[in-house]
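[1] no sequence for this one, just the structure:
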């Protein structure tokens, strides 16, 4: 596709459930990023992939959060035992490479934990 | 780690008024600087960026920003706003040569009244 695609656009889940959020980056972009945006805040970095490997996962808040990118394209953010505090918009971005290039953002997945 | 400060979270102004949004960052080294815009219901889009060279940067839709290294600032300006400029504006910074992860400010919600 022409841009970064994220699915689903909205997800409502019950506290304690497991969720997966998907990101389809722009074709040919080797760098992929996940951010989380809470209400009234700017996006906060979660994890960065260069190809298939997680080059920087220092932004993941705890071990309930995990992300994969097995073939160097699509990425899945996985959240176990969801908590109400996980409610936020999860943004994915991709760029041609990791160094000083423009990042293109998807529309995000709005996750609501009830 | 870099951090970004944006003040006056909510800005309301009339069409044809001038707009200036402040952005200050804290980081001791060389930085790349960005302004992103998010129109209602849309994804984050790059408005303009500064990597090096002329500190006065021209972006899309008549926006410009000036990098003042001594003040650690990258303020965004537009001389005459339109109703279509109603959006949320985010300043962001990253360190060149690194993994390109962005540190965002909290954003400015700008409402332009026709």
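    It's in. Because the structure is a prediction, the values reported are computed rather than measured.

[2] Going by C-alpha atoms from here, please, whenever you check contacts or count neighbours.
    Will do.

[3] And the strands in chain A?
    A:5-7, A:10-13, A:19-24, A:31-37, A:44-50, A:53-56, A:65-68, A:75-79, A:88-95, A:104-105, A:109-113 (DSSP state E).

[4] err, chain B, not the other one
    Using DSSP E, strands in chain B cover B:3-5, B:10-14, B:19-21, B:24-26, B:32-38, B:45-50, B:56-58, B:64-68, B:73-78, B:87-94, B:103-104, B:108-113.

[5] would TSV of those strands with distance to chain A be doable?
    Putting these into TSV (distance: least, Cα to the nearest Cα, whole Å) gives the following:
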stretch	distance to chain A
strand B:3-5	10
strand B:10-14	11
strand B:19-21	15
strand B:24-26	14
strand B:32-38	7
strand B:45-50	7
strand B:56-58	15
strand B:64-68	17
strand B:73-78	17
strand B:87-94	7
strand B:103-104	6
strand B:108-113	9
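
[6] quick revisit: out of the strands of chain A, which comes closest to chain B?
    Nearest to chain B, of all those, is strand A:104-105, at 5.8 Å by Cα to the nearest Cα.

[7] pLDDT score for residue A:99?
    Listed pLDDT for residue A:99 reads 62.

[8] follow-up on the earlier one: let me have the strands of chain B in JSON lines, extended by mean pLDDT and mean neighbour count.
    Shown next, in JSON lines, are the strands of chain B (pLDDT from 0 to 100; neighbours: other Cα atoms under 10 Å in any protein chain shown):
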{"stretch": "strand B:3-5", "mean pLDDT": "93", "mean neighbour count": "18"}
{"stretch": "strand B:10-14", "mean pLDDT": "96", "mean neighbour count": "14"}
{"stretch": "strand B:19-21", "mean pLDDT": "97", "mean neighbour count": "18"}
{"stretch": "strand B:24-26", "mean pLDDT": "94", "mean neighbour count": "19"}
{"stretch": "strand B:32-38", "mean pLDDT": "95", "mean neighbour count": "22"}
{"stretch": "strand B:45-50", "mean pLDDT": "94", "mean neighbour count": "20"}
{"stretch": "strand B:56-58", "mean pLDDT": "96", "mean neighbour count": "16"}
{"stretch": "strand B:64-68", "mean pLDDT": "97", "mean neighbour count": "20"}
{"stretch": "strand B:73-78", "mean pLDDT": "97", "mean neighbour count": "21"}
{"stretch": "strand B:87-94", "mean pLDDT": "95", "mean neighbour count": "26"}
{"stretch": "strand B:103-104", "mean pLDDT": "94", "mean neighbour count": "24"}
{"stretch": "strand B:108-113", "mean pLDDT": "97", "mean neighbour count": "19"}
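
[9] now these as TSV including distance to residue A:71?
    Converted to TSV, these look like this (distance: least, Cα to Cα, whole Å):
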stretch	distance to residue A:71
strand B:3-5	33
strand B:10-14	42
strand B:19-21	41
strand B:24-26	36
strand B:32-38	29
strand B:45-50	27
strand B:56-58	37
strand B:64-68	39
strand B:73-78	38
strand B:87-94	27
strand B:103-104	27
strand B:108-113	37
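
[10] Residue A:51 is nearest to which of those?
    strand B:87-94 (20.0 Å; Cα to Cα).

[11] Please name the residues that touch the residue most central in space within chain B.
    For chain B, residue B:35 is the residue whose C-alpha lies nearest the centre (Cα atoms, centre = their mean; 3.3 Å). For residue B:35, the contacting residues are B:46-49, B:76, B:89-92, by Cα atoms under 8 Å, 6 or more residues apart in numbering or on different chains.

[12] Many thanks, I have nothing further to ask.
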